[in-house]
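quick one: sequence plus predicted model below, questions after.
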Amino acid sequence: ARRLELQHRQLISRHINKLLLSTMLSGLTRTTLTLRSNTGAIRGKYARFFSDIPATMKAAVVREVGDADALKVENDFPVPELKPGQVLVKNHYAGINFIDTYHRKGLYARDLPFVGGQEGGGIVAAVTDEASAQGISVGDRVAYSVFGSYAQYTAVPAAKILPVPEGVDIDVATACVVQGMTAHYLTASAHANLIQPGEWVLIHGVGGGTCQWAAQMAKIMGYKVIGTGPKGKADVCEALNCDELILLDETPGTAYEDYESVDIVKRVMEVTDGKGVKSVIDGIGKNTVDISIGSLAHRGIFISFGNASGAVPAFPVLRLIGKSAYVTRPKLLDYTTDREELLWRANDIFGWLKEGKLNVSVDTCFPLDEASEGHKYLEAGKSKGKVLYEIP
């Protein structure tokens, strides 16, 4: 009888435990679903996140390509879904770059609608288990380059996250990502080792953002630098300590100088004892292609990376035969192909910043609500350094 009573009590206990467990799981499920519903961004089952992530956010969106006014600020754009292996960043700053204007105009096609920008910095607001396994935690200070940075939140693959070291402010770190990384690959890699330390490089537009970086990095790497820039930014250009600086008349209302105001090829040949330069870094485009090719030394390389004055027109490859010259049209994504390469460039840049070898100039910060004004400012050639959006 005692054995039957004990078995009966054990059965009752098991039944009660099952009921308690079912109730706990049901409550946990309801809580999880509520959190997911409230955040709108958290979809990963094992995500870790701040509790106050909203379902919608402020973002600067392009729904139809066009001029700067095509960039419209919306207050109820959906917060992006957090997919496996991603990190959700609460942006404090977004960088404004010329390539953003090419996307907005439709020169570089994107699927519509899209959130502008591809450079941001802020605080990690949520991580998936995959991202956590890579050492990324909620609250980390980070910078990155992926599409969709003109917004309060951006979903970023963990492999694209750059930890911001102590001693580097987030606005400066944000400025590093596209312009700094671009300048790094232009000076360290895109020339395919056709230039060596002690040889000459011509860099157009050193008064602007990316080529301010490039001129400084070229000097760090041991190249001799000829820079071109506008007279109205002479103070900025002179601070870069180029070995030779060619100042040009300005072209009002544009982002480039009057490249016909000085015979640049003649001056380059004078400076280089008639040999020319082993590399040209050219983000101006249409108005400088002839100058760039004409300034090359034998077996020199013309690196065309931008279109400030318009796209470089097609030209016959036979034109290069006189100097057995090279030409390349690179892009950043092909020079940050894996995390190892990305971190190599970032560590160089952040290291030079901390050592005082690089001077980063943040020219202006626009509030995100004035998104179109930021593009107008950049396209008018007014900037003397990095232009950012500050994001609430």
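It's in.

okay, how far is it across stretch 379-388, tip to tip?
Using CA to CA, to the nearest Å, the end-to-end distance of stretch 379-388 comes to 14 Å.

low-confidence ranges, the chain, go.
Counting by pLDDT under 70, the chain contains low-confidence ranges at 1-51.

top strand in it by residue count?
The longest strand of the chain (DSSP state E) is strand 86-96.

next structured bit after it?
Downstream of strand 86-96, the next assigned helix or strand under DSSP states H and E is helix 98-105.

starting at the chain centroid, how far to stretch 273-287?
Distance, stretch centre to chain centre, for stretch 273-287: 25 Å (CA atoms, centre = their mean, to the nearest Å).

and it, which residues are buried?
Within stretch 273-287, the residues that count as buried by 16 or more other CB atoms under 10 Å are Gly276, Val277, Lys278, Ser279, Val280, Ile281, Asp282, Gly283, Ile284, Gly285, Asn287. C-beta coordinates here come from the backbone N, C-alpha and C atoms, glycine included.

got it, and stretch 215-225?
Ala215, Gln216, Met217, Ala218, Lys219, Tyr223, Lys224, Val225.

distance check, the fifth one against Asp76.
Going from Lys219 to Asp76 by CB to CB, to the nearest Å gives 48 Å.

next step: the buried residues of stretch 215-225 restricted to helices.
If you go by DSSP state H, the buried residues of stretch 215-225 have Ala215, Gln216, Met217, Ala218, Lys219 in helices.

before we move on, the earlier item: so what does the longest strand of the chain touch, helix or strand wise?
Packing contacts for strand 86-96, counted by 3 or more CB pairs under 8 Å, 6 or more residues apart in numbering; DSSP states H and E, involve strand 120-127, strand 141-144, strand 153-157, helix 170-175, helix 371-379, strand 386-390.

and with 6 Å instead?
strand 120-127, strand 153-157, helix 170-175, strand 386-390 (3 or more CB pairs under 6 Å, 6 or more residues apart in numbering; DSSP states H and E).

check what contacts the helix or strand following the third one and list those residues.
In the C-terminal direction, the helix or strand that comes right after helix 170-175 (DSSP H and E) is helix 181-188. Among residues not part of helix 181-188, those counted as contacts by CB atoms under 6 Å, 6 or more residues apart in numbering are Thr210, Trp213, Ala214, Met217, Ala218, Met221, Ile281, Leu332, Tyr335, Arg345.

please repeat the previous calculation with a cut-off of 7 Å.
Residues from elsewhere that reach helix 181-188 (CB atoms under 7 Å, 6 or more residues apart in numbering): 145, 210, 213-214, 217-218, 221, 281, 303, 305, 330, 332, 335-336, 345, 348-349.

now, of the residues you listed, which are buried?
145, 210, 213-214, 217-218, 281, 303, 305, 330, 332, 335-336, 345, 348-349.

what's the farthest-apart pair in these?
The distance between the two most remote of the buried ones among the contacts of helix 181-188 (CB to CB) is 21.8 Å, for Ser145 and Ala218.

any idea which residue sits dead centre in the protein?
Central residue of the chain (CA atoms, centre = their mean): Val178, 2.8 Å from the mean position.

can you show me the helices along the stretch 1-150 of the chain?
For the stretch 1-150 of the chain, the helices defined by DSSP state H, counting those that start in this stretch cover 2-39, 98-105, 129-133.

which other helices and strands contact the second one?
Read it as helix 98-105. On a contact count with 3 or more CB pairs under 7 Å, 6 or more residues apart in numbering; DSSP states H and E, helix 98-105 meets helix 371-379.

how far does the helix it packs on sit from its chain's centre?
Distance, centroid of helix 371-379 to centroid of chain: 17 Å (CA atoms, centre = their mean).

just want the angle from it to strand 386-390.
In terms of direction (axes from the mean of the first three to the mean of the last three CA atoms, to 10 degrees), helix 371-379 departs from strand 386-390 by 180 degrees.

for helix 371-379, packing partners?
Here helix 371-379 touches strand 71-78, strand 86-96, helix 98-105, strand 362-367, strand 386-390, going by 3+ CB pairs under 7 Å, 6+ apart.

understood, closing this out.
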